[in-house]
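Engineer: only the shape, not the letters, is given here:
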């Protein structure tokens, strides 16, 4: 059997037994949908992922695109993959009908694209990047920009990129130096060098639109001087498209994501590169940040998908690979499939707990995105937005960090074969590593969570979180879920609340360094707790499922859910108390270490 | 400045301030040595590693060897590297003078080869494998075998391999099927297929000798029927060397170690492959196991070296890469090198704690290897052997598992650049992954530690360990090391002792599954504690060093040691109590999960 990439049963479980996807159809913006149409979307994605995208994954990994005479030639398989994805309408799936979108809830769209990313993340990225870039123009661009660039991007005729990073400015975006000089007609002459531009050049579509951060001449230093521009590879002129002096000067050789070129991009080398302002001057970073949630959620889905594909692969391997004997047989019995060895089952259950816990977290975040965007009631909308804001750094970093560990276990289960590229797990491990780095490193997510998200509005997001988890615990108790888990999760959330208050006081007393010193531990703590919440919610649905008296495979699925929940509560949640203590004690070993001591 | 690969100061500290390398010279077998000659050995290794091996690392990673007309062609740089290493006598460095060796203590030889492995693990592996294979013949082979194969191997004219794994038998060596049919002249006709044979073919030396596990016709099934054979690529015949029907049939494409071919090896495809028995018939695995300690220690050194090179690289990067501003400057100050950011310093100190803790562990294990091999007193010898036995699975798996994490942090510190192969950390990350797999996976090490090592002789090894750590704690207290660390380590060792006794009782009551269920957690627990012991010993030496009133760089070095010790005691040792509780509670989530629940 071929790799299913994600478990269909698990996705359906999340949508229809845990998160009430159908309930979203009661919102006016989603009234055209129902379970049937959701299933149609998912069915198409599953087929496309398994039959078209996945078979091209290894060939694309083996032959990265290169620069030939100044242009990037994509892998030939992309010419078949790209139109197939575009035809399904993925680029504008969640966008409103007014701009040509299908107005699909993020909850459903996210699960559908998870299949595509699990199958071939690099191939899907051409579309995902285009969605993000076009959405920026949709939100902040002029009518002309929307007509000229956004529309062909949503239609898949142009692709888009995010051109933020410069050789000397990665995490520190306030230091970018790309310059933009105003022209008489309202356009800007752009000059600068960008690096790590994914999909920054290719020969797949007629045009590419770069969303570029730069500074208008005379702008103040730092983040307040940064503006956002649309800079196409070919610009509209005289009724056609002419070259716009935006050139690929090199392709980076990367550890993974080999199907997607990451390039160094030179703008205005010959002084002939035009760009158009997107959003108000000096508000470039603010505009970007408004989209950042979306991009980070997408990274989280990608990380989950990459870990899921590897989990499924190692599960199938463990079920079919005979090796060694049962401990009880004292060496004389028949060989058994390696899933029979406790340590292999440990590695599988750990992967399952990470992968399915991550998927539940991403689905939950996506649902809050739908609610925050489409609820009628302003208070409820705001509350959903707070939850989304709080969950975003976790939904990005947890699957990236723990997913990497999960991918490592998939390699390990394959033994020596896992180290060879005849098997796929090593490729997914290489792909996964990017997710802790791009769209804000894990360290940046930690600062965002502790320095911004939990402290905003006097801790309103954390209060919303406490209430939400409290409700989930009450539901779990009512359904008859293991009482100990309910108690332990309640205690963990409470101690996180107390700790956060102490940290907030530190910050307000002016000790911002002390507040943020253990930000990464805090991120780890919150990730562990948030995923424990997800496992409790899944345990509730599974317990209810078993209560309906299902048997056979149906019951096995629910028992697997309960086993993974048990694993998380016995092996991971206990770390929370340790982390709380460490953060509270404010160990100063690294903060106080001097650079010259290393 | 070029990457130093390992810190010379740290290696000297371990040898001369922590582990009393000069004290070994009091043993008759090492009487020819003194600090001066040790330093000469180290100096040569440092130069060779930095000036010759390291510059070839990236080119060799970029161009793996391939099979051309049935033979593997090595990377051209190897023709310069191999003779340079052979000339320094590394192959037989620790072997006795009687077989052409230099009789160097493992403690010093291990540190010297750590530099070579940090510089270019694949290049050094041709020698390391040869040492292991030749040592098997030295220990168990006939005079004829020693003259015919061992001697040219120790001289570097032939290389050696370990040919254990078969396509269907990796960890489960009792299931190998390679056949050996006795011939009239005492040789055997060998037939079988082996996979993952590192250095299994190349055009670097005139001959290659494979140490092959196989079964003599009619041998009993399982491990008792396995014998060891020397099977050369070319066999001696009529005063010369003739082809021996041992062919490379394929080269594996691997995630890392790209400079070293790993091949599929067919023996006796045309019925004309001869081999010679090494050691008694049916004792093949026992012979192999006698060498296993050595091979596992070498993997541990390799893992440490690979993590060290990456740590040094990320340290230099963090010291020189400006990005962002100090938290205190509120965004207006000058850019600072990223080492000034607390989270980057956390990642550096964590790497330092793992890398230097691992190196101390490996040096300690190597010293026990010297003592167990060369002490005069039988009791003391046995005691040293027990310590070596106990430490071996830890010295293999801790650097492999935690080193991989450390390598990940080195990538992370490099940000987007870390994901590209223009920088080295991603290559070291790929290399490191092998170390949790080969020479016994981490799961196998865990079973070895808990199922064998700590239970042997009624727990004698753990008692020796308790006494040794107790002495280290007493020394630390006397030197004035932080009393809390001494207390915490003492408590951890005590609780490990109690836990182990409980597990032993479980095993004796017949519940072997229950005893071994959390073997991997036990390995993690012991690794954490053993490295805490190493950090206490280093803190003792550092405290003494500071007590001598050194200043400047000298004092900075000791303060760095104390900072890393503090890090380990604040952030890692507290996990011990958690692990003890988890193992004691015997969480059954994965042990009781059924295969069909996944």
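Structural biologist: Right, received. Where do you want to start? Computed from a predicted model, the values in this text were never measured in an experiment.
Engineer: contacts for stretch A:282-295, please.
Structural biologist: A:132, A:135-136, A:139-140, A:162, A:164, A:173-174, A:213-214, A:216, A:219-220, A:223-229, A:278-279, A:369, A:388-389, A:392, A:439-440 (C-beta atoms under 8 Å, 6 or more residues apart in numbering or on different chains). Heads up, the C-betas are built off the backbone N, CA and C, glycines and all.
Engineer: give me the subset of these that also touch chain B.
Structural biologist: A:174, A:223 (C-beta under 8 Å from any C-beta of the partner chain).
Engineer: just the buried residues of the contacts of stretch A:282-295.
Structural biologist: Taking 16 or more other C-beta atoms under 10 Å in any protein chain shown as the criterion, what is buried in the contacts of stretch A:282-295 is A:132, A:135-136, A:140, A:162, A:164, A:173-174, A:213-214, A:216, A:219, A:223, A:225-229, A:278-279, A:369, A:388-389, A:392, A:439-440.
Engineer: please list all residues in contact with the nearest residue to residue A:221 once chain neighbours are set aside.
Structural biologist: Nearest-residue entry for residue A:221: residue A:174, 7.8 Å, with adjacent residues in sequence omitted and distances by C-beta to C-beta, 6 or more residues apart in numbering or on different chains. By C-beta under 8 Å, 6+ apart, residue A:174 lies in contact with A:221-223, A:226, A:285, B:331.
Engineer: please redo it, this time with the cut-off set to 7 Å
Structural biologist: Contacts for residue A:174 (C-beta atoms under 7 Å, 6 or more residues apart in numbering or on different chains) come out as A:222-223, A:226.
Engineer: which of the contacts of stretch A:282-295 fall in strands?
Structural biologist: Of these, the ones assigned to strands by DSSP state E are A:162, A:213-214, A:216, A:226-229.
Engineer: can you list the contacts of residue A:174 in CSV and add pLDDT?
Structural biologist: Below are these laid out as CSV (pLDDT from 0 to 100):
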residue, pLDDT
A:222, 90
A:223, 91
A:226, 97
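Engineer: which one among the residues you listed gets closest to residue A:36?
Structural biologist: Checking the contacts of residue A:174 against residue A:36 with C-beta to C-beta, the nearest one is residue A:226 at 46.0 Å.
Engineer: I'd like the distance between that closest one and chain B.
Structural biologist: 13 Å (C-beta to the nearest C-beta, to the nearest Å).
Engineer: and residue A:173, what does it touch?
Structural biologist: A:164, A:213, A:223, A:226, A:285.
Engineer: not counting residues beside it along the chain, what's closest to the first one?
Structural biologist: This points to residue A:164. Among residues not flanking residue A:164 along the chain, residue A:213 sits closest, at 5.1 Å (C-beta to C-beta, 6+ apart).
Engineer: and that neighbour, what pLDDT?
Structural biologist: Per-residue pLDDT puts residue A:213 at 97.
Engineer: can you check residue A:104 too?
Structural biologist: So, for residue A:104, pLDDT stands at 98.
Engineer: skip the chain neighbours and tell me the closest residue to it.
Structural biologist: residue A:93 (4.8 Å).
Engineer: do residue A:382 as well
Structural biologist: Once flanking residues are discounted, residue A:382 sits nearest to residue A:372: 7.9 Å by C-beta to C-beta, 6+ apart.
Engineer: which residues are in contact with that neighbour?
Structural biologist: Shown in contact with residue A:372 (C-beta under 7 Å, 6+ apart): A:381, A:384-385, A:388.
Engineer: let's see 8 Å
Structural biologist: Contacts for residue A:372 (C-beta under 8 Å, 6+ apart) come out as A:381-382, A:384-385, A:388.
Engineer: go ahead and confirm residue A:423 touches residue A:415.
Structural biologist: No. Taking contacts as C-beta atoms under 8 Å, residue A:423 lies outside contact range of residue A:415: 9.8 Å.
Engineer: ranges for the helices of the stretch 351-500 of chain A?
Structural biologist: A:378-413, A:415-418, A:425-433, A:442-447, A:460-479, A:483-508 (DSSP state H, counting those that start in this stretch).
Engineer: now the shortest one, how far from the chain's geometric center?
Structural biologist: Taking the mean C-alpha point of helix A:415-418 and that of its whole chain, the gap between them comes to 28 Å (C-alpha atoms, centre = their mean, to the nearest Å).
Engineer: end-to-end on stretch A:48-58?
Structural biologist: 16 Å (C-alpha to C-alpha, to the nearest Å).
Engineer: how about that stretch: buried residues?
Structural biologist: A:48-50, A:52-54, A:56-57.
Engineer: go on, stretch A:2-13?
Structural biologist: A:3-7, A:10-13.
Engineer: adding pLDDT, distance to residue B:115 and secondary structure as columns, could you present those in CSV?
Structural biologist: As requested, these are exported to CSV (pLDDT from 0 to 100; distance: C-beta to C-beta, whole Å; DSSP: H, G, I helix; E, B strand; the rest coil):
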residue, pLDDT, distance to residue B:115, secondary structure
A:3, 97, 42, coil
A:4, 98, 47, coil
A:5, 98, 44, coil
A:6, 98, 46, coil
A:7, 98, 48, coil
A:10, 98, 49, helix
A:11, 98, 51, helix
A:12, 98, 56, helix
A:13, 98, 53, helix
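Engineer: chain B: which of these is nearest?
Structural biologist: residue A:7 (9.3 Å; C-beta to the nearest C-beta).
Engineer: I figured that closest one hits residue A:312, correct?
Structural biologist: Yes. At 7.3 Å, residue A:7 and residue A:312 qualify as touching, with contact defined as C-beta under 8 Å.
Engineer: farthest pair within the contacts of residue A:173?
Structural biologist: Most distant of the contacts of residue A:173, by C-beta to C-beta, are A:164 and A:223, 12.2 Å apart.
Engineer: so which of the buried residues of stretch A:48-58 are in helices?
Structural biologist: residue A:57 (DSSP state H).
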